[in-house]
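Undergrad: Here is the input, now give the coordinates:
(chains A, B, C and D)
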Number of protein chains: 2
Amino acid sequence: MEARRDVFQAIADPTRRAIIGMVAKQPVNVNAIAEQFDHTRQAISLHLKILSECGLLNIRKEGRERYCEVKLEKLNEVYEWVEEYHKLWTGRMKSLKRFIEQEELQAAKRTPAKKGKAGRK
Amino acid sequence: MEARRDVFQAIADPTRRAIIGMVAKQPVNVNAIAEQFDHTRQAISLHLKILSECGLLNIRKEGRERYCEVKLEKLNEVYEWVEEYHKLWTGRMKSLKRFIEQEELQAAKRTPAKKGKAGRK
DNA sequence: CTATTGCGCAAGCAATTGCTTTCCTATTTA
DNA sequence: TAAATAGGAAAGCAATTGCTTGCGCAATAG
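TA: Take a look at the predicted model:
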C-alpha cells in the first residue's frame, strides 16, 4: 500500500515537475495550482500529497487555505547523483573513461579463446 | 501499452540507477549485470530494455553476448532541470541566511532582555 | 553434430499509479 | 445563521510496473 516515496520517484511525473516549477517562485495555494492543470483538484491534491510525503513540499495552513512551498534542498539527492555522472561525461574524466575502455579492449584481445569472430568455414 | 519512456522515469527505479552505476565504469554484458542483482535475468533484461529505449543505454552485440554501455549525456535533461533549482536554492539559502541574521539582530535590538547570542546587554 | 550458453520474447500476475466521482469538514462571508 | 469556498478522504477503475516462469533461437564449446 504505502509505496516507495523517494525524490527520484516524485520527480518522475511531469505533472509533479510542473508543480515544483510553479511553486518554486512563491508559495501557492492548492486551488490556484489545480487551476493550471487539466485535471481535477483531487488529482492535483494527490500529487501534492506525494510531494509533501517525500519532503519536497511544505503545506502551510492559513485560514481555510493551504499554501504550498517547495523545499528545494530536498532535490539535493538528485543533484548529487546526477552531478557525479555529469562530471564523468563532461571532459574531466573522459580520458579516464577512454583509458578504461582501452584496457577492456586489450584484455579481450589477450584472451586466447577469443580467436576472431570470423570463425571457421 | 507503449508507456512514457523518458529519462526521469527511467532513473526513478533504484535498480535502474544501480545498473547505470555499474555500467558507467565500463561496458558490461547482460548476464554479468543480472548476477549482481537479486532478480531473474529477465527482470534485469527488461530494465535494460527500458534504459535503452529512452536512450540511456547502448547495447552492442558481440558474438552471443550483449555489451551495455551508458550514454551519460542523456542524463543532461535531468542535470539541467535539477541544476536550475540547485542554483535557486543555494542562492535562496544565502539570502535567507542573511535575512534571518538581519531579523535576529533586529529582534535583539527590540528586546533588550533577550539572552540571544547577539548578547546585547 | 550436439550440448551449452547468452539472451530475448511472451504470457500471466499482483501491486502501484493516476485519475475520477462522490461525499465531508472547516473557515469565511453575506 | 446560511451559503459559499478551500480542500481533504475514500472508493472505484483502467493502465502501467515489476517480476516470474517457460520457451525459442543464435553463437560457441566439446
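Undergrad: When you work out contacts or count neighbours from here on, use the C-alpha atoms and nothing else.
TA: OK.
Undergrad: The residue of chain A found nearest DNA strand C: neighbour count?
TA: Closest residue of chain A to DNA strand C, C-alpha to the nearest atom of the strand: A:Gly63 (3.0 Å). Residues within reach of A:Gly63, counting by other C-alpha atoms under 10 Å in any protein chain shown, total 6.
Undergrad: before we move on, what about A:Ala32?
TA: Neighbours of A:Ala32 under the rule other C-alpha under 10 Å: 11.
Undergrad: could you say which helix or strand contains it?
TA: helix A:30-35 (DSSP states H and E).
Undergrad: same for the helix or strand following that helix, what does it pack against?
TA: Counting by DSSP H and E, the element after helix A:30-35 in chain order, helix or strand, is helix A:41-53. Using 3 or more C-alpha pairs under 8 Å, 6 or more residues apart in numbering or on different chains; DSSP states H and E, the elements in contact with helix A:41-53 are helix A:14-25, helix A:30-35, strand A:57-62.
Undergrad: what's the closest of these to chain B?
TA: Set against chain B and scored by C-alpha to the nearest C-alpha, these come closest in helix A:14-25, at 8.2 Å.
Undergrad: Run the contact check for that closest one versus DNA strand C.
TA: Yes - Helix A:14-25 is in contact with DNA strand C by C-alpha under 7 Å from any atom of the strand, via A:Thr15.
Undergrad: That helix - what's its average pLDDT?
TA: For helix A:14-25, the mean per-residue pLDDT is 96.
Undergrad: quick one: buried residues of the helix holding A:Ala32?
TA: Using 16 or more other C-alpha atoms under 10 Å in any protein chain shown as the test for burial, helix A:30-35 gives A:Val30, A:Asn31, A:Ile33, A:Ala34.
Undergrad: and DNA strand D, which of the helices and strands packed on helix A:41-53 is closest to it?
TA: Closest to DNA strand D of the helices and strands packed on helix A:41-53 is helix A:30-35 (C-alpha to the nearest atom of the strand; 3.4 Å).
Undergrad: Just the CA coordinates for that closest one, please, in PDB.
TA: Taking Å, rounded to 0.1, in the frame of the first residue of the first chain, the C-alpha atoms of helix A:30-35 are listed here in PDB:
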ATOM      1  CA  VAL A  30      -4.000  24.300  -3.700                       C
ATOM      2  CA  ASN A  31      -6.800  25.600  -5.900                       C
ATOM      3  CA  ALA A  32      -4.500  28.000  -7.700                       C
ATOM      4  CA  ILE A  33      -2.200  25.200  -8.500                       C
ATOM      5  CA  ALA A  34      -5.100  22.900  -9.600                       C
ATOM      6  CA  GLU A  35      -6.400  25.600 -12.000                       C
END
